[in-house]
Structures are given as C-alpha cells and as structure tokens.
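Dropping the sequence and predicted coords here.
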Amino acid sequence: MSTQESLFDNRFSSDLIIQALASSPTPTSIYSGEEMVIRFANEGMLALWGKDSSVIGKPLMEAIPELEGQPFLELLQEVWRSGKTYSVVDAPAKLIKNGEETLDYFDYEYKALTDHHNKTWCILNTALEVTSRREFLQQIQEKEEREHGLNEEMAATLEELTSTNDELSNSIEQLAQSREYIRTIIEQAPVGIAMLKGPEHIIEIANPAILNIWGRTESEVIGYAHENARPELHGQSVNIWLKEVYQTGKPKINTEFTVKLYHKDGLREAIVNSIYQPIFSNNGDISGVLVILEEITQQVLERRKNENDQQMLALAIDAGELATFYYQPTTNLFSGNNLLKTWFGLSSEENLDLSLALEVILPEDRDRVTAAISQSLSKDSDGYYFIEYRIKNKTDEKIRLLQANGRVFYDQQGNPLSLNGTLRDITEQKKEEERKDDFMGMVSHELKTPLTSLKAYLQVLQRMAVNMESVLQQNTLEKSLKQVDNMTGMINGFLNVSRLDSGQIYIDKTAFDFQLLFSEIEDEVISTIHTHHFLFKSAGPLSILADREKISQVLNNLIGNAVKYSPTETLIIVEYMITTDNNLQINVQDQGIGISADDQQRIFDRYYRVKGINNASIAGFGIGLYLCKEFIELHNGIIEVQSYPNEGTTFSFVLPLDGDTATN
C-alpha cells in the first residue's frame with residue numbers, strides 16, 4: 001500500500017484537488033441561525049444574487065425577498081437542524097438582477113459545519129451557474145459511456161494477467177483505477193484543468209474543456225513544454241506567472257483576465273478566470289503546476305453590454321425626470337428608483353408593497369388604479385398599462401398628478417411575472433393646459449362679437465360692390481369674408497374645447513342622408529381649393545343617426561389637414577363605405593409628408609402638434625384633431641390614423657349607423 005500511495009501522491013493527490021478547488025473564485029456564502037443570517041458572501045455570490053455587500057448581516061429572506069415561494073430557506077433550515085449536507089445539480093432559481101427577474105440553473109451545496117457536540121454552527125453555501133452546461137453534460141454522458149466500455153475491456157485484460165502474477169496484477173489494477181478515477185474527475189470537470197510537470201512545464205494532462213479554450217488538440221500539446229506548445233502566449237503574462245508559481249510555491253489567481261488565444265490559424269481575444277496552483281511532492285518539493293481555467297468571454301461581454309444599456313437608460317430616465325416602478329404580483333412587492341420613492345414619501349433604502357402604495361393615491365382615484373392594474377395583469381389583457389392619477393404622501397403633502405405607462409412581463413407559461421414601467425409628473429403640464437384653455441376661452445368670447453360685426457360690415461360692402469359692378473372690390477371682399485370665416489372657425493374650435501371641459505357640448509343626433517352631406521362637402525372643396533387634386537368616392541344613399549354639423553366639421557378638418565400637410569398637385573382621396581359590422585367608415589387619404597410612429601401615439605392629444613422642420617411654417621394650435629376625436633367618441637365612434645414618413649397618411653373614423661356603438 002505504501003508503494004501505491006507514493007505513486008498516487010507523486011502524480012496528483014486528493015488533498016491537492018481540494019486545495020485547488022478551495023482557491024477557485026466560486027460563489028460562496030456562509031449563513032447561521034434558523035433565519036439564515038448572511039455572515040459572509042464573496043463577490044461571486046453577490047453578483048449571482050444581483051445584490052451588493054449591504055445584504056451581509058441580514059436574514060436571507062429579507063436580503064433576497066424574491067426567494068419567497070422557492071425551496072431554499074426550507075432546505076437550509078433542514079440542513080441546519082440535521083447537520084446533513086444537501087447538494088443538487090441543475091436546480092432552477094428565480095432572482096432579480098438590475099430590477100428584472102431572471103431564471104437560471106445552478107449546482108449548489110449547503111454544507112453544515114458542526115462543533116464537537118455535533119451541533120451546526122454555520123452552513124457553507126457554494127454555487128455554480130450551469131445554465132449553459134446542459135449541452136456539455138450530454139457530451140460528458142456520451143463520453144462516460146465510451147469510457148465505461150473501455151473500462152470493461154481493461155477489466156477483461158487484467159483478468160487474463162491475474163493468472164501469471166496475482167499480486168502484481170492487483171497492484172496494477174488498483175493503480176490503474178486510482179489514476180483513471182482522477183483522470184475521469186479532470187476529464188468531466190466543467191472548467192478547464194491541466195497538469196504541467198517540472199520547470200519546463202511539460203503538459204501531462206489537459207481535459208477537453210481546457211483544450212477547447214486553448215483551441216488545441218491533445219496531440220498538439222500532451223508531452224510538450226507549455227511555452228512551445230502554445231507559442232501564441234509569447235509576450236503575454238501567462239508564462240511569467242507559471243514560472244513565478246513554480247519558483248515561489250505561491251498560487252496565482254486572476255479574475256476576468258483578458259488573453260489572446262489560438263483560433264483557426266489566428267488569434268482571438270478571450271476573457272477568463274484562472275488559477276495557477278503549485279503541485280508539491282511528498283518531500284515538499286514543487287513538482288509542477290496545476291492550471292484551472294474558465295472562459296467567461298460571453299458572460300462578461302453580455303454583462304458589460306447590459307451595464308452600458310442600463311447606464312444609457314438611467315441617463316434617459318434622469319433627463320426625462322421619470323420615476324421607474326416594478327410590481328411583482330406573487331410577492332406584492334412595489335419598488336422603483338429614488339424619484340419614485342421621493343414621490344411616495346419613502347427613503348432610498350425603503351421598499352413597499354402595493355397596498356401601501358395605494359394608500360398614497362387619493363381616495364377618489366384609488367379604485368381606478370386598482371382596476372387598471374388588475375386589468376393589465378388579467379389573461380385577456382394586451383399587457384399594457386396606462387393611467388393618470390393623483391398622489392399625496394405624508395412627507396411633503398404635495399398633490400401630484402402622475403401619468404403611468406407600463407408593460408407586463410410573462411414567464412414561459414404566459415403567467416404574469418411583473419409589471420414594469422415609468423411614472424411622469426404631469427401636474428404642471430395639466431396646470432399649463434388649464435391656463436391655456438382659460439385664456440383661449442376668454443379670448444374666443446371676446447373676439448366672437450367684433451368678428452360677427454366685421455362680417456356683417458363686409459357683407460354690406462360686398463352687396464354695394466355688386467351694385468357698383470366693381471370686380472376688384474368683389475374679389476377683395478370675398479377673400480376678406482373667407483378669412484373672417486377661417487377666424488370664426490378657429491374661435492369656434494377654442495370655444496368647443498372649453499365646452500368639452502365643462503361638459504356643455506351638445507350632440508344633436510338627427511337622421512340624415514350622409515351622401516347629401518358628402519356631396520355638399522365635395523362641391524365646397526372642389527370650388528374653393530385649387531392647389532390639389534381630389535377624388536371623392538361615394539357609396540350611394542345612406543341614412544345615419546348623428547349630429548350633421550359635428551360630422552361635417554370633422555370631415556372638413558381632416559380634408560384641411562390633408563391639404564396643409566401634402567405637396568401641391570398631389571391627390572387626396574375622400575371616401576365612405578359600409579363595413580361588415582354595418583357601420584359607416586370614412587377615410588381621408590393624402591400623399592403628404594407622413595407622421596412618425598411616436599407622433600401617431602399623441603396626434604389626437606390637445607394642443608399637440610407634429611414636430612419637424614417641415615412643419616414650422618404650417619399654422620395651427622393643435623386642437624383640430626383633438627376635437628375630431630372628442631366629437632367621434634361622443635358619437636360612440638372610433639377614429640384612427642395610419643401613416644409612414646414620406647409615404648402619406650390615412651385618417652379613418654367609424655360611426656354607428658343607429659347611433660349605438662361602433663366596432664372596429
């Protein structure tokens with residue numbers, strides 16, 4: 001047996017493997033007590049959790065609340081009570097990293113450390129993320145099957161040799177089994193492992209994982225000096241570190257080290273974690289170096305990209321003065337950035353559940369918000385969340401009007417995981433709109449009377465010019481009356497906005513022939529607008545129950561916009577038809593400059609005007625389309641826009657023929 005142990009120790013001892021693995025930058029943490037207070041967590045474990053060092057000293061479930069409903073606390077408590085080690089492979093875990101829940105797979109172990117009374121005093125937790133290992137494990141399994149066949153052949157050969165020398169055969173068999181066991185461990189390791197012998201660093205063992213990282217085959221490296229087998233490392237630090245480890249006996253550990261590796265007759269840049277561990281013989285001399293290598297290029301690049309994306313997003317959020325929120329239905333956790341916490345009267349370290357957040361919302365808005373959240377999380381929802389509501393916290397007691405815009409994220413089974421979004425303080429914006437409305441209403445009322453008088457005077461002068469047969473005066477007065485009518489229409493628009501806000505808009509629904517209204521508008525447009533070509537498509541007589549004046553106003557406004565926002569001499573198509581749902585659909589299509597996707601989201605908002613250098617010279621206050629939308633919705637109808645920049649725009653609205661509710 002002493003001969004066997006000597007042979008074993010000269011090559012590779014179990015203690016050496018344990019020492020090497022203990023030095024690995026594997027995520028590690030230590031807990032104590034029934035509540036599993038976190039006593040230690042290295043950088044690897046903190047990164048795995050998506051937390052910082054502030055969690056140390058806290059109970060596990062307080063530090064990582066998203067573990068609620070997962071089996072980790074119960075397993076830890078069982079290990080604590082029983083003192084028995086628990087380990088598992090390919091176990092799923094849901095964690096929140098950078099505010100977003102992720103599902104990864106891990107190999108982890110809970111090892112109870114006991115005192116001389118066999119009582120647990122702490123639990124050592126080691127973990128390794130193995131999400132990308134599944135395919136590799138399949139390859140390992142196939143390799144094991146092949147090796148099993150080889151082992152059976154070797155066993156048969158050994159049985160034949162026993163007839164000549166039983167003692168020698170047993171020794172050889174035991175030695176072979178020991179070497180094969182160690183080699184199998186190295187071969188199947190999920191990280192790269194190599195053994196270098198002597199001061200020349202002759203490569204004795206190199207497992208498939210490290211050969212893949214090196215970009216080499218066994219025949220290219222086994223039995224060769226490391227420096228000769230891998231000339232691509234010339235001028236890099238690796239060979240210097242190997243010499244230092246061999247000469248000093250001190251291990252060298254690197255994390256996220258960038259190195260240039262051989263790849264298809266060239267070089268590639270890789271990022272690795274590496275350990276260079278001295279190998280000691282029985283007499284304490286250094287006999288070689290153990291190399292443990294893990295390539296993390298893809299993970300680091302993805303993390304850096306994510307960090308950059310997060311920084312850009314944070315800059316955009318800060319620039320836009322937006323609060324971000326995150327709501328997890330399973331835990332009822334409601335959290336967000338510092339601005340959100342300020343608005344809800346919290347310190348930067350505090351979190352709150354949804355019920356506490358709802359208490360900050362004014363009572364008259366609370367039920368609406370609850371219903372909107374429930375609707376967005378329901379199975380028949382499109383997953384989008386949009387609402388405006390008021391809050392008042394207990395810190396500054398300031399009433400804020402917030403606009404919430406969010407989206408639901410789902411798991412693979414379609415169950416809602418979280419509702420994420422932004423909040424915007426629109427208090428001042430609303431006040432500004434109210435001041436604008438008040439001003440417009442006041443000015444409109446003040447201008448209406450003198451404009452009416454001015455129009456009457458112009459009509460008198462027009463009749464006089466007819467009697468005097470002065471063509472120049474008639475044309476001048478006709479243009480003046482047209483401008484007065486334009487001004488009157490604008491003022492009526494402002495007055496309609498004020499009436500909408502005060503609920504004084506009256507919809508006078510009567511039955512009328514839409515074809516007749518359509519023909520009147522066609523005659524008026526063709527006789528007054530000569531800058532564009534028009535194509536009016538009629539669908540024949542059609543009776544509809546609606547406010548004739550309001551529908552005329554909507555159609556004239558859409559035609560006017562088509563004229564303003566499309567080049568001269570282009571075609572504008574105006575048509576109506578009966579839909580399959582027996583509703584009336586009217587389309588106004590132009591060949592103009594188009595509307596961007598962002599502008600389409602707000603095109604019907606009050607006072608909103610499409611942004612762009614081409615629109616600077618086009619007059620307007622941004623209330624025409626707003627009034628169109630309000631008039632159509634007062635008819636229980638629907639208005640929509642379809643447009644692409646530089647390809648034209650189509651405005652469509654659908655009205656119920658019987659005055660009920662239109663469907664689209």
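Thanks, I have the structure now. Bear in mind that the values here come from a model prediction, so they are computed numbers and not experimental data.

Strands along the stretch 51-200 of the chain, start to end?
86-97, 100-114, 120-129, 192-197 (DSSP state E, counting those that start in this stretch).

count of neighbours near residue 302?
11 (other CB atoms under 10 Å). Using the backbone N, CA and C atoms, a C-beta is placed for each residue, glycine as well.

try residue 515
16.

again, but for residue 345
Neighbours of residue 345 using other CB under 10 Å come to 18.

Isn't it up against residue 400?
No - Residue 345 is not in contact with residue 400 according to CB atoms under 8 Å; the separation is 11.0 Å.

follow-up on the earlier one: what's the closest of the strands of the stretch 51-200 of the chain to residue 252?
strand 192-197 (13.0 Å; CB to CB).

avg pLDDT for that closest one?
For strand 192-197, mean pLDDT rounds to 91.

repeat for stretch 233-249
92.

swap in stretch 598-606?
In the prediction, stretch 598-606 has an average pLDDT of 82.

which parts of that stretch are buried?
599-600, 603-604, 606 (16 or more other CB atoms under 10 Å).

Report the separation between residue 334 and residue 328.
8 Å (CB to CB, to the nearest Å).

Pull up the overlap in contacts between the two.
Taking CB atoms under 8 Å, 6 or more residues apart in numbering as the contact rule, residue 334 and residue 328 touch no residue in common.

Break down the stretch 551-664 of the chain into its strands, ranges please.
Under DSSP E, counting those that start in this stretch, the stretch 551-664 of the chain gives strands at 571-578, 583-589, 638-644, 648-656.

Name the residues that touch the first one?
Which is strand 571-578. 514, 518, 521-522, 525, 532-539, 542, 555, 559, 562-563, 566, 584-591.

Filter those residues down to the buried ones.
514, 518, 521-522, 525, 532, 536, 542, 555, 559, 562-563, 566, 584-591.

Correct me if wrong: residue 541 contacts residue 513.
Yes - between residue 541 and residue 513 there is a contact at 5.7 Å, judged by CB under 8 Å.

Look at those two and report which has more neighbours.
residue 513 (14 against 9).

got a list of what the more buried one touches?
So residue 513 contacts 541-543 (CB under 8 Å, 6+ apart).

rerun that using 10 Å as the cut-off
519, 540-544, 548 (CB atoms under 10 Å, 6 or more residues apart in numbering).

Restricted to helices, list the residues you listed.
Among the contacts of residue 513, the ones falling in helices (DSSP state H) are 519, 548.

Return the residues in contact with the closest residue to residue 657 other than its chain neighbours.
Distances taken as CB to CB, 6 or more residues apart in numbering place residue 544 nearest to residue 657, at 5.2 Å, with adjacent residues excluded. Neighbouring residues of residue 544 by CB under 10 Å, 6+ apart: 509-515, 517, 551, 576, 583-584, 635, 655-659.

Which residue, neighbours along the chain excluded, lies closest to residue 101?
residue 417 (5.4 Å).

Partner strands of the helix or strand containing the one you found, with direction?
Per DSSP states H and E, residue 417 falls inside strand 416-425. When sheet partners are counted by DSSP bridges, strand 416-425 sits next to strand 322-328 (antiparallel), strand 399-410 (antiparallel).

As TSV, those with mean pLDDT and mean neighbour count would be great.
Conversion of the strands paired with strand 416-425 to TSV gives the following (pLDDT from 0 to 100; neighbours: other CB atoms under 10 Å):
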stretch	mean pLDDT	mean neighbour count
strand 322-328	86	21
strand 399-410	90	17
